[in-house]
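>>> just a sequence and a predicted model for now, questions to come.
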Amino acid sequence: MLDLPKVQLFENQNEQFVMKNLSVHRAAREEDALDLLFIGDTNRVVSETPKNDASTRSHCIFIIQIEAQKNGEDVKTISKLHIVDLSGSESKYTSYNLTRCWKRRIRRQKIKRS
């Protein structure tokens, strides 16, 4: 199992949500993409919560981007497939941080309007 850094979510000075420690990997073959999916899955944190004995306590986003270009042509077709697993959404810590960020954003918008 690779030791990947923990992904962190925060709000910057421009009131934009930013995720730190995300990674992008190129896969030339189907087997490479499946290996990356397996690495991501094995690095997920699993622990008990009041609602689930084997909660992953983490979300997973796996994006597949396929690029195709005919020989001798300038036109390139790019397709993306986003696979999202929101298991572990009962995590109090994650919910608390997201709620706090949204509440701050709403308060700022109310202040700007007044």
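Arrived safely, thanks for sending. Numbers count the residues shown, from 1 in each chain.
>>> for this protein, which segments are assigned as strands?
In the chain, the strands defined using DSSP state E lie at 8-11, 17-20, 60-69, 76-85.
>>> so which of the ones you listed comes closest to residue 27?
Taking CB to CB, strand 60-69 is the member of the strands of the chain nearest to residue 27, at 8.5 Å. C-beta here means a position set from N, CA and C on the backbone, and glycine is covered the same way.
>>> okay, how far is it across stretch 15-35, tip to tip?
Using CA to CA, to the nearest Å, the end-to-end distance of stretch 15-35 comes to 36 Å.
>>> any chance you could list what contacts it?
Identification of contacts with stretch 15-35 by CB atoms under 8 Å, 6 or more residues apart in numbering yields 4-12, 36, 64, 101, 105, 108.
>>> 10 Å instead?
The contact list for stretch 15-35 (CB atoms under 10 Å, 6 or more residues apart in numbering) reads 2, 4-12, 36-37, 39-40, 61-65, 98, 101-102, 104-105, 108-109.
>>> any idea of the mean pLDDT for it?
For stretch 15-35, mean pLDDT rounds to 86.
>>> which parts of that stretch are buried?
Neighbour counts over stretch 15-35 (16 or more other CB atoms under 10 Å) mark no residue as buried.
>>> circling back to that earlier point, reformat the strands of the chain as a markdown table; add distance to residue 32.
As requested, the strands of the chain are arranged in a markdown table below (distance: least, CB to CB, whole Å):
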| stretch | distance to residue 32 |
| --- | --- |
| strand 8-11 | 27 |
| strand 17-20 | 23 |
| strand 60-69 | 12 |
| strand 76-85 | 16 |
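>>> of the contacts of stretch 15-35, buried ones?
Here, 16+ other CB under 10 Å leaves 36, 40 buried among these.
>>> that older thread, closest one to residue 44 among the strands of the chain?
Closest approach to residue 44 among those (CB to CB): strand 60-69, 6.6 Å.
>>> tell me which strands and helices that closest one is in contact with?
Applying 3 or more CB pairs under 10 Å, 6 or more residues apart in numbering; DSSP states H and E, we find strand 60-69 packed against helix 30-42, strand 76-85.
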